[in-house]
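Asker: 3D model of this:
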Amino acid sequence: MASEPRSIQGKVVAITGGARGIGRSTAEALIRRGARVAIGDLDRPLAEQTAAELGAETLALELDVTRRDSFEGFLDQVEERLGSLDVLVNNAGIMQLGSFVEEDDATAERMVDINVHGVLYGMKLALPRMQRRGTGHLINIASQAGKAGFPGGATYCGTKHFVIGVSEAVRAELRESGVEISVVMPAVVNTELGSGLPETRAIKKLEPEDVAEAIVAALEKPKFDVWVPRETVAINKLMQVLPRSAREGIGRLLKADKVLADANQSQRAAYEQRASRSEPGLEQDSPQPSETAKR
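Answerer: Okay, here's the model as predicted:
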């Protein structure tokens, strides 16, 4: 007999990078189900605008996930104003593309700081709060790029490999704690981060609402591996039993090896420029827009 979905009504949910894209869509989906939502974002004015548009007393707070004190202050304010934290969605992340050997160090540092350290801080700060109460759910947003290496996005793929690996290890450590962990692995999503990316022959671009609904489903019926879309589970299982040469041949046939390498840089220029300013501590080392557009 199938278990009943868990209710999200009244749950306190904090979402990083919640002002736009997947974060915003997730907030909207959770609010529809009665959750009390706080969105944290480096762009506080946009977060406040998003919160006002979402309504339902959505809380907007400034958050720099690369600073532990900022993340701790964010979670403290969420609990002070909304109540004990039930769910953290570690959604904040960036993807800057280009040849690995031509990638400047500041770009790599940004992606590692936001995509890796940002997730670690969230986990280390949220999980003890949940453990003390014996309940809670941590959602880490990874990518299907974390299950393979795609040319043109080597460092990004590496950061998402990390998110999947650390999620698996910590899940095993917390097996008897009552705290759930899920790792969400979307294909290419139609957001600013995914701008300019070509479609493969097998999988069309997702909408952020598709990922949001998958996150909601994982909260209602907890599971660790959350593939979006679900049919990519079968593709991944098939690829894992094939020898490397066959996997790479199928990847070329489906043009999966071109998804990041053949990105339209003119369409990505605005995003790449914003991503290069997404960690204040590295702004002074950021490439100029003309340089960024080349990657």
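Asker: the helices in the stretch 51-200 of the chain, which residues?
Answerer: Using DSSP state H, counting those that start in this stretch, the helices found in the stretch 51-200 of the chain span residues 68-82, 105-112, 118-133, 154-173.
Asker: Dump these into CSV; add mean neighbour count, mean pLDDT and distance to residue 60 as well.
Answerer: Heads up, the C-betas are built off the backbone N, CA and C, glycines and all. Rendered in CSV, the data for those read as follows (neighbours: other C-beta atoms under 10 Å; pLDDT from 0 to 100; distance: least, C-beta to C-beta, whole Å):
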stretch, mean neighbour count, mean pLDDT, distance to residue 60
helix 68-82, 17, 98, 11
helix 105-112, 19, 97, 23
helix 118-133, 19, 98, 18
helix 154-173, 18, 98, 25
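Asker: With respect to residue 260, which of those lies nearest?
Answerer: Comparing these by their distance to residue 260 (C-beta to C-beta), the top pick is helix 154-173, with 7.6 Å.
Asker: pull the CA atoms of that closest one into CSV?
Answerer: Extracted as CSV, the C-alpha positions of helix 154-173 are listed here (Å, rounded to 0.1, in the frame of the first residue of the first chain):
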residue,chain,number,x,y,z
ALA,A,154,34.8,21.2,-16.6
THR,A,155,34.9,23.2,-13.4
TYR,A,156,31.1,23.4,-13.2
CYS,A,157,30.8,19.7,-13.7
GLY,A,158,33.4,19.2,-10.9
THR,A,159,31.4,21.3,-8.5
LYS,A,160,28.2,19.3,-9.2
HIS,A,161,30.1,16.0,-8.8
PHE,A,162,31.0,17.3,-5.4
VAL,A,163,27.5,18.1,-4.4
ILE,A,164,26.3,14.6,-5.3
GLY,A,165,29.2,13.0,-3.5
VAL,A,166,28.9,15.0,-0.3
SER,A,167,25.1,14.5,-0.2
GLU,A,168,25.5,10.7,-0.5
ALA,A,169,28.1,10.6,2.3
VAL,A,170,26.2,12.8,4.7
ARG,A,171,23.0,11.0,4.0
ALA,A,172,24.7,7.8,5.2
GLU,A,173,26.0,9.5,8.3
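Asker: orientation of it relative to helix 105-112 in degrees?
Answerer: Computed by axes from the mean of the first three to the mean of the last three C-alpha atoms, to 10 degrees, the angle separating helix 154-173 from helix 105-112 equals 30 degrees.
Asker: Now do helix 154-173 and helix 118-133, the angle between them.
Answerer: Using the same axes, to 10 degrees, one finds that helix 154-173 and helix 118-133 are set 10 degrees apart in direction.
Asker: Can you give the contact residues for helix 154-173?
Answerer: For helix 154-173, contacts defined as C-beta atoms under 8 Å, 6 or more residues apart in numbering pick out 90, 93, 95-97, 100, 103, 107-108, 111-112, 115-116, 119-120, 123, 127, 140-143, 145-150, 181-183, 185, 224, 260.
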